[in-house]
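**Q** What would the 3D arrangement of this be:
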Amino acid sequence: MARPITVTDPRHRIEQATYRRGLDARRSPEAPQTDTAITVALYGLLREIAIRSPKRSRKSRDEFLSRAADVLVAQGFDRARSIAVLRRRLVRPPERFDRLLGIEDLDGRSDILP
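**A** All right, here's what the predicted structure looks like:
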């Protein structure tokens with residue numbers, strides 16, 4: 001689904017609308033849908049690692065948090081606040097992540113971060 005048109009220049013609005021109609025016609029995702037897919041896939045990977053090897057899970061999780069925090073710090077955000085937000089998103093991600101991964105037993109969810 002295409003995002004709403006956000007530009008004010010009439011010519012650019014037409015170009016943007018045409019571009020987005022083309023994306024819709026080709027069923028091609030935009031950045032927000034791609035970002036969601038990447039996030040859900042990462043959650044699934046970390047969840048699978050947590051189930052198979054709790055020790056490896058902690059190392060993988062800490063490495064991911066550090067790298068993600070590095071990216072946010074490079075964008076000017078506070079490192080501690082960035083890690084806090086990242087942890088919060090991974091401690092209890094939306095249940096839709098499980099549904100997108102095809103995990104039906106939502107009652108048996110295990111958090112990937114202790």
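**Q** For the one helix or strand residue 48 maps to, enumerate the helices and strands it packs against.
**A** Using DSSP states H and E, residue 48 maps to helix 31-52. Judged by 3 or more CB pairs under 8 Å, 6 or more residues apart in numbering; DSSP states H and E, helix 31-52 is in contact with helix 54-74, helix 79-91, helix 95-100. Backbone N, C-alpha and C define where each C-beta goes, glycine included.
**Q** outside of it, which residues touch it?
**A** 3, 29, 56-57, 60-61, 64, 89-90, 93, 97, 100-101, 110, 112 (CB atoms under 8 Å, 6 or more residues apart in numbering).
**Q** want to try TSV for the helices and strands packed on helix 31-52, with mean pLDDT and distance to residue 47 as columns?
**A** TSV is the format used below for the helices and strands packed on helix 31-52 (pLDDT from 0 to 100; distance: least, CB to CB, whole Å):
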stretch	mean pLDDT	distance to residue 47
helix 54-74	88	9
helix 79-91	86	9
helix 95-100	81	9
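**Q** could you dump these to JSON lines with mean neighbour count and distance to residue 14?
**A** Shown next, in JSON lines, are the helices and strands packed on helix 31-52 (neighbours: other CB atoms under 10 Å; distance: least, CB to CB, whole Å):
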{"stretch": "helix 54-74", "mean neighbour count": "13", "distance to residue 14": "34"}
{"stretch": "helix 79-91", "mean neighbour count": "14", "distance to residue 14": "37"}
{"stretch": "helix 95-100", "mean neighbour count": "15", "distance to residue 14": "34"}
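**Q** Using JSON lines, please lay out those helices together with distance to residue 36.
**A** Listed next are these as JSON lines, based on distance: least, CB to CB, whole Å:
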{"stretch": "helix 54-74", "distance to residue 36": "16"}
{"stretch": "helix 79-91", "distance to residue 36": "12"}
{"stretch": "helix 95-100", "distance to residue 36": "8"}
